[in-house]
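> Compute the structure for the input listed below.
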Amino acid sequence: MLVKYAKLDPDKTAGMRRARYETSLDPRLLQPVLDIAASYHAIEKPVAAPAVIAKF
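Numbers count the residues shown, from 1 in each chain. You can find the predicted model right below:
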């Protein structure tokens, strides 16, 4: 994809490190971020992590 769409050199892309994406999200890891966001009023009110994670 990088070669085709970004027009990058195939030799350079062969040695590039790719980003790793997770396939799941643990609500326990997200909850502290939401708690801090609520304490600094970055979000309107406290929210439980499972409430903001979409389930497919």
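
> The residue of the chain most remote from its centre is in what secondary structure piece?
In the chain, the residue that sits farthest from the middle, by CA atoms, centre = their mean, is Asp11; the gap is 28.7 Å. Per DSSP states H and E: Asp11 is located in helix 10-14.

> could you point out which element follows that helix?
Next element after helix 10-14 (DSSP H and E): helix 27-39.

> Tell me the confidence at the residue farthest from the centre of the chain?
On pLDDT, Asp11 comes in at 90.

> List the buried residues for stretch 26-43?
Leu34 (16 or more other CB atoms under 10 Å). Backbone N, C-alpha and C define where each C-beta goes, glycine included.

> What lies in contact with that stretch?
Defining contact as CB atoms under 8 Å, 6 or more residues apart in numbering, one finds that stretch 26-43 is touched by 45-50, 52-53.

> Could you pull up the mean pLDDT of that stretch?
On average, the pLDDT along stretch 26-43 is 97.

> Using CSV, please lay out the contacts of stretch 26-43 together with distance to Arg17 and secondary structure.
Listed next are the contacts of stretch 26-43 as CSV, based on distance: CB to CB, whole Å; DSSP: H, G, I helix; E, B strand; the rest coil:
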residue, distance to Arg17, secondary structure
Lys45, 40, coil
Pro46, 38, coil
Val47, 35, coil
Ala48, 35, coil
Ala49, 30, helix
Pro50, 33, helix
Val52, 30, helix
Ile53, 28, coil
